[in-house]
Structures are given as C-alpha cells and as structure tokens.
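> Let me see the structure of the following:
(2 chains)
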Amino acid sequence: MKPEISIIMPAIRTDNWIKVYESIQNSTSRNFELIIGSPYDLPAELRGYKNIKIVKDWGSPTRASQIASMLIEGKYVFPTYSDDSIFIKNAIDENLNLLISFGECIKNAVVCKYSESQNYSAPTRYQDDDYYKLINAYKTNPEIVNKDWWIYNTVFMHSEYFLNMGGFDCRFQACPYSHADLAIRCQSDGANAVMSNHPIIMCDHNQSDHMPIEISQIYEDAPVFNHKYSKEIDKTKNKIDLMNWRSAPSVWKHRFA
Amino acid sequence: MKISIILPSISPDKWVNLFEMIKKSVGDYTFEVLASGPSFPPIELQKEINFRYIREFSSPSRSFMAAANLAIGKYIMWFPDDSIIAEGAIKQCLDILEEKGKKNAIISLYSEGPNFSGTQHLESERWYWTAYNHADQKLRWINKDWKIAPLFIYNLEEFKDLGGLDCSFYHINMNAHSLAFRFQSEGGSFHFSPTRVSATDWRPWVGSEGEVIRIAYETNDLPKYKKMWDSETPPTLDWKFDNWKEASVYWELRFK
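Below you'll find the model as predicted:
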C-alpha cells in the first residue's frame, strides 16, 4: 500500500533512529514512509521495516534531504526532520488532519511549533507564534519579505507542490536557511501557510555534533541567504531544479572530509 | 559524470567485484554505480562516493527506475548482478556515443548460457538482436527490423524522455524491448557494442530466484506484453519516467 505521508530525514545519528521511528509510529495511524539520506546503514532492529527508504549520501544535510525527496511517494510530505528530534504522540495525524481540512489546494501548508532543550528537559517549551515568522527568525527585511510569512522548519505540505517548486536550494548546506528559502519561495508564490495549534516535535539540542551545522549556517549559508533576499524576491526563480543537488559537493567537508 | 550504471540487486556480496570490474571497463570516463535493493552496501563500498545506494523492496524494474531517478550521468546502462564485465568494453561504447547525438544508443552485447557457454555476442549470431527472430516477439505491431537491447546504453536525457522502463512489468526484459521499440519508432538508432561487454552464467528458471522470474514472466510480463503488442490496435507508447511510483513498493513475489 502506498504511503500517505513521506517524512524526509537527513541523518547521521544511527543510535537515535529506533526512537525516531517509534515516535513516528506513535504520531500517526496513517501509512507513512521514512526516507533517510545518510552515509550509514539502518540499525539491525529497523531492517525489517519496508517503509524505510535509505539513499546513501555523504553530502550536506540539505543535499541529502533533496536527494531523498526524489523518492517521495506520499501525497503529503514533511520535508525535513532531524534525527535529534522525536515526534509528539498523535501530532502527525493532528497536523495532517488540519492540512486536509483546508481542501485540495496544493499550495496549502501547515507550519508547526517545536520545542528545543537539552535532553528533552523542556519538552513543552514552545515559543510565541511570532518566533516562527521569517522576520524574527531570520531578520528578513519586511520591505522585501512579508512580515507575516512563516518559517518552514517544521511544515506539512502537499508533495506535488514541494516537488513542483523544486524542493530545497542546495546552495544552502544546513537545513535552517534552506527551509527559510523554501518558505519565501512558496509564500511569495502564493502558498497559504497556517500556524498549527499542535506542536509537532521535540528537539534534543544537547548534541555534541552540531558544530558543522553551526559553522556552515553562520559563515556560509547566512551570507548567501542575506544576499539573495537583500533587494527583492525574484519570483521568476521561485521554482528551481529538483536536480540542483548535483551542483552541491558530494562530500560535505564540514562533517565528512 | 559520464555514465550511471544501475545495479538492481538483492545480493550485495556481489557488488564489490562488480564495482571493480566496472572501474576497469569504463577506462578514463567518469562513472557512478547506483545499486538498489533491500540491503546496504558492504563496508568496502560505503565510502566510495561514486557507489550510491537506494533501499528498495520492489520488483527489479521498479528498483531499477528508483535508482535511475537519481542518476546524474550523461548516459545510463545496467547490469544484472551475475555479470562478468569485460575490461575496457564500456569505454569502447562510450567512445561511439560521444561522437553521436542523443538519438543514438548501444546494444550492449552479452552472452548468457550455462557455465558462460552463450554465444549471442558473436558476429554469426547477430540474428539474436532482432526481435522478430524470437518466437515470443512475432507480434502484430513489432516491426520486423526492430532491434532489441536488453542491456543498453542510452543517453540519460533521451531515456527519460522515452519514459524509461515501464514498471507495470516486473522483470527487466520485455519492458526493455518496449523501450527499444519506442526508441526506434521515434527515430533512434542502435549500434552494437564493438565487443562483448558482459557474460552471465544463466540457467533459465533454475533455483528459487529463477522460479520467481519464471512466475513473473509467465503470469504478468508476457501476457501484458502480448496484450500490448498483439492487440487489434497499435500500442500507445506513453508511459512516463515517474511511472515507477505507481508500482508496488513491495514485491510480494520475491519478498514474501
């Protein structure tokens, strides 16, 4: 049976994957597929599950997500999910129900809140709605990026629209800026994003392996992003090539060099 | 990247040898191997950047196409995992294609037979590569001159435009014929590889694996193929490249 929802996960923390998978099972009663972009194999405990796809890749998290997204078969997609997080019980179903309730327009999207703490010490510590807006999260210029537009860090979308838009721009290496870029491209294309009342995940930010993310985010992705959105949004470039990952390095130097 | 080579395979223990043989066969051309199947590559291949992998529990055809979907070479070809690949042979094929346009493709000559006894690659056996010379190919809408290319090298762009393999077929055989016919009916030209590219120790329908293929052939692929090429009206050759997503993610015939 075909999955209804595809969850994309660029991943390196194999020790977490069982917990991740179980959290998805507890979060949805729907058919799902977990598509992992990773250089590493599944732990033995997960090898019996046929709804886990793996595509082997040594690239950046964005590149791994983008390649994985080419295997999407669900009608809906959660475009990137980090393996230092777990889904909240029933949250996938609650948010998908919300998305479905908006109708069939493929530009609809549901943006979800998430919590961040060390060792899940504050699992329900969510931010105010404003925190999840581009203007606050990425200090975008309100004269260029609408001040009411949401970030797409944790978003449910129609797969067809995600793929039509070309997914992520792999010039961004880490997920935050590639998600922000996707959010701007979609919302300037007329996407209807709504903030959900159902938080979706809890992140454990006690990971000792975040440094590559932070380096690329601060020193490489941010300048590209700020330059791209410093003057105007070029709507003719909202749709990008889904195969743009070919231009990204096949080995991500910050982690795998 | 010059060529993407697909290995739809359930036997990762064979991949190291295949990768080494492919390296020796492509010469100086850049290449990537995309293996697709249920098991992760062995340790020797995990750090090879141009050995890529996609986890699939589907039929050989869908497994092939899921991998082809991620291919980035200028050309695409494939091998069954029981192939012995000749040194320098892929390079010779690429030399030909590099001088021609995208409407050109290679019939990758192979031999198959028990204990590598096949002779299909020989000059005297060229009849083998024309569809109509085979009993199951004498069908109403199959042109008597059309060639077959069960193992092929196409320009990837052309391959995608032609819809790749039709994954309503399970085994990579009849759908490779349909693809070849579609290619030729749309003006494409085949060229024989200058030498035999690969050989297999093939014993039809032997062993549990052979039994699965036999069932696939007899219960699905051949009836579908006959319906397609032997009906009252000519077939509509309109399958799309992403048709693999319509095929089952789980091939029950093999992965019971």
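> Any buried residues in the helix or strand bottoming out on mean pLDDT in chain B, and which?
Sorting the helices and strands of chain B by mean pLDDT, DSSP states H and E puts helix B:207-216 at the bottom, at a mean of 86. Within helix B:207-216, the residues scored as buried using 16 or more other Cβ atoms under 10 Å in any protein chain shown are B:V212, B:I213, B:I215, B:A216. Where you see a C-beta, it was placed from the backbone N, CA and C, and this is true even at glycine.
> in the stretch 101-250 of chain A, what spans have low per-residue confidence?
Applying pLDDT under 70 to the stretch 101-250 of chain A picks out no residues at all.
> all helices for chain A, in order.
A:17-27, A:61-69, A:91-101, A:134-137, A:159-164, A:175-188, A:211-215, A:222-228, A:253-256 (DSSP state H).
> My error: substitute chain B in the last question.
Listed in chain order, the helices found in chain B under DSSP H are B:15-26, B:43-46, B:60-68, B:89-98, B:156-161, B:174-185, B:207-216, B:222-229.
> and among those, the most buried is which?
Each of the helices of chain B was assessed for mean neighbour count using mean count of other Cβ atoms under 10 Å in any protein chain shown. The highest is helix B:60-68, with a mean of 27.
> what angle sits between it and helix B:207-216?
Between the direction of helix B:60-68 and that of helix B:207-216, the angle (axes from the mean of the first three to the mean of the last three Cα atoms, to 10 degrees) works out to 100 degrees.
> Residues of the stretch 1-150 of chain B that sit close to chain A?
Within reach of chain A by Cβ under 8 Å from any Cβ of the partner chain, the stretch 1-150 of chain B has these residues: B:40-41, B:46-47, B:49, B:51-57, B:66, B:69-70, B:72.
> hmm, back to that, which one of the helices of chain B lies nearest to A:D221?
helix B:43-46 (27.6 Å; Cβ to Cβ).
> per-residue confidence averaged over the closest one?
What helix B:43-46 shows for mean pLDDT is 96.
> Can you name every helix or strand that it contacts?
Using 3 or more Cβ pairs under 8 Å, 6 or more residues apart in numbering or on different chains; DSSP states H and E as the contact criterion, the neighbours of helix B:43-46 among helices and strands are helix B:15-26.
> before we move on, the earlier item: and of the helices of chain A, who's closest to B:W239?
Nearest of those to B:W239, taken as Cβ to Cβ: helix A:159-164 at 19.1 Å.
> if we can go back for a sec, how about JSON lines for the helices of chain A, with mean neighbour count and distance to B:E157 added?
Below are the helices of chain A laid out as JSON lines (neighbours: other Cβ atoms under 10 Å in any protein chain shown; distance: least, Cβ to Cβ, whole Å):
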{"stretch": "helix A:17-27", "mean neighbour count": "19", "distance to B:E157": "36"}
{"stretch": "helix A:61-69", "mean neighbour count": "28", "distance to B:E157": "19"}
{"stretch": "helix A:91-101", "mean neighbour count": "19", "distance to B:E157": "35"}
{"stretch": "helix A:134-137", "mean neighbour count": "18", "distance to B:E157": "37"}
{"stretch": "helix A:159-164", "mean neighbour count": "18", "distance to B:E157": "19"}
{"stretch": "helix A:175-188", "mean neighbour count": "24", "distance to B:E157": "26"}
{"stretch": "helix A:211-215", "mean neighbour count": "15", "distance to B:E157": "35"}
{"stretch": "helix A:222-228", "mean neighbour count": "15", "distance to B:E157": "29"}
{"stretch": "helix A:253-256", "mean neighbour count": "16", "distance to B:E157": "30"}
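> can I get those helices in JSON lines with distance to chain B?
Putting these into JSON lines (distance: least, Cβ to the nearest Cβ, whole Å) gives the following:
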{"stretch": "helix A:17-27", "distance to chain B": "13"}
{"stretch": "helix A:61-69", "distance to chain B": "6"}
{"stretch": "helix A:91-101", "distance to chain B": "19"}
{"stretch": "helix A:134-137", "distance to chain B": "31"}
{"stretch": "helix A:159-164", "distance to chain B": "10"}
{"stretch": "helix A:175-188", "distance to chain B": "19"}
{"stretch": "helix A:211-215", "distance to chain B": "18"}
{"stretch": "helix A:222-228", "distance to chain B": "23"}
{"stretch": "helix A:253-256", "distance to chain B": "9"}
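> Nearest to A:N244 among the ones you listed would be which one?
helix A:61-69 (7.1 Å).
> and the angle from the closest one to helix A:175-188?
Taking the same axes, to 10 degrees, one finds helix A:61-69 and helix A:175-188 inclined to each other by 60 degrees.
> Quick check: which helices or strands does helix A:61-69 pack against?
Contact here means 3+ Cβ pairs under 8 Å, 6+ apart; on that basis helix A:61-69 packs against strand A:5-10, strand A:32-38, strand A:52-56, helix A:175-188.
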